[in-house]
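Here's my sequence, what's the structure:
(one chain, ligands or ions: 1)
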Amino acid sequence: GAGPVLLGKAVCPLAPTPRLCAPSGNSQLLVMLLGDSGVGKTCFLIQFKDGAFLSGTFIATVGIDFRNKVVTVDGMRVKLQIWDTAGQERFRSVTHAYYRDAQALLLLYDITNKASFDNIRAWLTEIHEYAQRDVVIMLLGNKADMSSERVIRSEDGETLAREYGVPFLETSAKTGMNVELAFLAIAKELKYRAGQSADEPSFQIRDYVESQKKRSSCCSFM
Ligand SMILES: Nc1nc2c(ncn2[C@@H]2O[C@H](COP(=O)(O)OP(=O)(O)OP(=O)(O)O)[C@@H](O)[C@H]2O)c(=O)[nH]1
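This is a model prediction of the structure:
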């Protein structure tokens with residue numbers, strides 16, 4: 001086995017301020033999780049990394065934390081470094097500093113929390129201000145397992161995502177629904193961008209996500 005394929009830029013996660021490292025062959029894809037406090041970013045990352053869901057007490061993330069995971073994309077190993085940011089307003093200035101190094105951003109809201117959905121536009125404004133122009137963005141409506149408490153319809157998420165031209169998925173950090181797919185789609189998109197060859201059929205992340213996603217089984221009346 002070949003080691004992970006390196007697509008992104010090398011970053012120094014432990015540097016006092018975020019910055020790029022000297023090229024070292026140690027690069028990886030940097031993905032950030034963004035969204036209001038309590039939408040489930042930490043649980044989403046733990047579900048992806050460990051296949052586990054920590055229910056019960058909610059411990060807000062302080063500042064920023066990260067985990068690595070290697071995924072296989074079309075037979076190629078791709079190393080993801082995933083940054084879990086604090087959703088609370090008072091940590092924003094810390095997390096802004098990291099946006100520019102991210103190749104991809106997963107932007108989460110909670111389908112049972114209208115404010116978290118309404119704030120997505122503000123998040124996208126921040127992203128356009130601080131992130132790289134070509135950053136891959138995906139909108140995720142999390143907690144899709146909580147059907148009886150749903151206040152945001154799937155169509156509302158789809159409409160907003162279409163308006164901004166980003167792919168959309170409903171997910172559950174509890175059941176694992178579409179969690180891996182979100183990361184795989186990002187890895188595929190970045191691999192495609194890094195290694196386009198003339199004869200490779202063009203990869204469309206939105207088509208890929210649409211063809212692979214699982215829908216929450218409930219709520220056809222909504
Ligand atoms: N039912 C259900 N509960 C979830 C899901 N994801 C997260 N939760 C719960 O929602 C609460 C908040 O989850 P966190 O992952 O800590 O939220 P966060 O977005 O990381 O919050 P900050 O760190 O403050 O930004 C916890 O009590 C979780 O158990 C989900 O998909 N389904």
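
so Val78, which of the three states?
strand (DSSP: H, G, I helix; E, B strand; the rest coil).

pLDDT score assigned to it?
pLDDT, the model's per-residue confidence, is 87 for Val78.

so where do the helices sit in the chain?
Read by DSSP state H, the chain holds these helices, from start to end of the chain: 41-50, 92-99, 114-118, 120-130, 154-164, 179-195, 205-212.

so who does Phe168 touch?
By Cβ atoms under 8 Å, 6 or more residues apart in numbering, the residues touching Phe168 are Met138, Leu139, Leu140, Gly141, Gly157, Glu158, Leu160, Ala161, Arg162, Val209. Any C-beta I mention is one placed from the backbone N, CA and C, and that applies to glycine too.

Now, of those residues, which are buried?
Buried residues within the contacts of Phe168, defined by neighbour count using 16 or more other Cβ atoms under 10 Å: Met138, Leu139, Leu140, Gly141, Gly157, Glu158, Leu160, Ala161, Val209.

Report the two of those residues separated the most.
Leu160 and Val209 (14.9 Å; Cβ to Cβ).

Mind putting the buried ones among the contacts of Phe168 into JSON lines with pLDDT?
Supplementary listing: those in JSON lines, determined by pLDDT from 0 to 100:
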{"residue": "Met138", "pLDDT": "98"}
{"residue": "Leu139", "pLDDT": "98"}
{"residue": "Leu140", "pLDDT": "98"}
{"residue": "Gly141", "pLDDT": "98"}
{"residue": "Gly157", "pLDDT": "98"}
{"residue": "Glu158", "pLDDT": "97"}
{"residue": "Leu160", "pLDDT": "98"}
{"residue": "Ala161", "pLDDT": "97"}
{"residue": "Val209", "pLDDT": "93"}
